[in-house]
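# here is the input, now give the coordinates:
(one chain, ligands or ions: 1)
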Amino acid sequence: MSTPALSPHNEFNVYESAEARFEAASKKLGLEEGMYRYLRYPNKEITVYIPVTLDSGHLEVFIGYRVHHSLVRGPCKGGVRFAPDVTLDEVRALASWMTWKCAVVNIPFGGAKGGVICDPGKLSKGELERITRRYTAELSEWFGPERDVPAPDLGTNEQTMAWIMDTYSMHVRTTTTSVVTGKPVEMGGSQGRRAATGRGIMIVCDKALARFGLKREDTNVVVQGFGNVGATAASLLHQAGYKIVGVADVQGGLYNESGFDVLKLYDWVYHQHKPLPDFPGGGARMAAQEVLFQPCDILVPAAIENQITSENAHRVQARILCEGANGPTTAMADEALDRKGMFVIPDVLANAGGVTVSYFEWVQDRQGLFWRESEVNERLKDVMEHSFDEVVRYSETHDVSNRIAAYMLAIDRVAFVLKLRGIYA
Ligand code: NAD
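Numbers count the residues shown, from 1 in each chain. Prediction:
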């Protein structure tokens, strides 16, 4: 298998990582120069300044972004992230990943992403609501079910989506549930959306096991990140019979080769509100990043970017890397992982369960007819399994890594539609 050398200038700039992979896949695909330029750059980038009166009476101005990477295959789709270290480059990278992700699972959306530089842990509910509403008001002409459909990401949740939906609806004077996804079920959210990304991870892990002839009960898994994606993936994998031997969140990690009772751990963290590393279920305590290098069959990084790097990739012991987070592996680490013969299920495939059920949510809102959870899960399984098979087949046919195969497949799909639509000038 040939791995193109990926050498971004700054290994930890996720936009450069995204660009390096896009460039490698475009070259391998023989993408013509004009198409390359078109698909490389975002459609538009919007910066908004968000004045908010804090509970103290102090007036603060927050900075927010929304990047539309592509509208070629449909309205653009992507989460909104609230975090103190959000940068425009990060939002750009995440927006382009959304384009490729939607194309990998073949749903009719382009890619977008948003972010607000703020620390949700230090803001009251009222302050978060005011930030969200003003951010939405500033972007109200760009949002819309046929334009741009936000969803939750780091630091945002169902409540944030409810506020965006309400603010947008007030502006257009029509209740428009399909303007966001990942909202509460009671107001047009989809059954199964909350667990969809974690469920998608379990589905592709099952597919990988089948390739390796492994059984769930003989498979040890380490999951880094115990939030929406990590905790759901760990719980579903545990319930399905996998052994979860390592877990971590921002406070630290735990490793226990006998396996954790993940449902008890979930209760400890989410119902008892206790620190994950203090879980009394046994296990050695370690730094959050150290769990990545513990013995296991499957490693699921499901926290943040840039965890597996050119410096530490050689320490990863897993046979299968299933990327729950967006961009957990730097582009410069790809070559080292390929050299080790790691079977990588890249982020644009592995965590696409969330956007797939977001698409189902958008469809249900627009038709005003809602599906049972079993139906949502069945459709999700179908999409994830089919997409996994397509990426792996593409990788074998073109003799490239799964990651480059996923990018090639996605770029090819977007470029094909772009050619059909033509360039409006
Ligand atoms: P979240 O905020 O619910 O959870 C993040 C988890 O990561 C928390 O447990 C946090 O403690 C942990 N964490 C943060 N920094 C860490 C560190 N340095 N080391 C170890 N753990 C750390 O977020 P989420 O929704 O679970 O998203 C996680 C990742 O998955 C992000 O990259 C996100 O973009 C991606 N993603 C999320 C979805 C979704 O549906 N939520 C879909 C696709 C991709």
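# quick one: low-confidence parts of the stretch 1-150 of the chain?
In the predicted model of the stretch 1-150 of the chain, residues 1-8 satisfy pLDDT under 70.
# and this protein, which residues reach the ligand?
153-154, 197, 224-230, 248-250, 288, 302-304, 324-326, 351, 354 (Cβ under 6 Å from any ligand atom). From N, CA and C alone the C-beta is placed, and that goes for glycine too.
# out of these, list just those in helices.
Using DSSP state H, Thr197, Asn228, Val229, Gly230, Gly354 are the members of these that sit in helices.
# quick check, the residue in the stretch 151-300 of the chain closest to the ligand?
Gly227 (1.7 Å; Cβ to the nearest ligand atom).
# separation between that residue and Gly111?
Gly227 sits 22 Å away from Gly111, going by Cβ to Cβ, to the nearest Å.
# next: Ala406.
Distance, Ala406 to Gly111, using Cβ to Cβ: 14 Å.
# okay, those two: which has more neighbours?
Set Ala406 next to Gly111 and count neighbours by other Cβ atoms under 10 Å: Ala406 wins out with 33 against 29.
# what do Ala406 and Gly111 both touch?
Trp100 (Cβ atoms under 8 Å, 6 or more residues apart in numbering).
# so who does Trp97 touch?
Ala18, Gly111, Lys113, Asn326, Gly327, Asp347, Val348.
# save these as a markdown table, and put in distance to Arg134 too.
Listed next are those as a markdown table, based on distance: Cβ to Cβ, whole Å:
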| residue | distance to Arg134 |
| --- | --- |
| Ala18 | 29 |
| Gly111 | 24 |
| Lys113 | 19 |
| Asn326 | 26 |
| Gly327 | 28 |
| Asp347 | 31 |
| Val348 | 32 |
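# and those residues, which of them are in helices?
Ala18, Asp347, Val348.
# what's the mean pLDDT across the longest helix along the chain?
Longest helix of the chain, by residue count under DSSP H: helix 373-398. For helix 373-398, mean pLDDT rounds to 98.
# and His271, how many neighbours does it have?
Count around His271 with other Cβ under 10 Å applied: 8.
# quick one: pLDDT of it?
pLDDT, His271: 98.
# same check, this time on the one 3 residues further on
For Lys274, the model assigns a pLDDT of 97.
# can you pull out the strands in the stretch 101-250 of the chain?
Using DSSP state E, counting those that start in this stretch, the strands of the stretch 101-250 of the chain run over 110-117, 148-152, 220-224, 243-249.
# any idea which of those gets closest to Pro275?
Closest to Pro275 of the strands of the stretch 101-250 of the chain, according to Cβ to Cβ: strand 243-249, at 8.5 Å.
# what lines up beside the very next helix or strand once past that closest one in the sheet?
Next helix or strand after strand 243-249 toward the C-terminus (DSSP states H and E): strand 252-255. In the sheet, strand 252-255 lines up against strand 243-249 (antiparallel), strand 284-286 (antiparallel) (DSSP bridges).
# domains for the chain, by residue range?
41-175, 196-345 (automatic domain parsing).
# out of those, the one nearest His386 is which?
domain 41-175 (8.2 Å).
# measure that closest one end to end?
The first and last residues of domain 41-175 sit 33 Å apart, counting by Cα to Cα, to the nearest Å.
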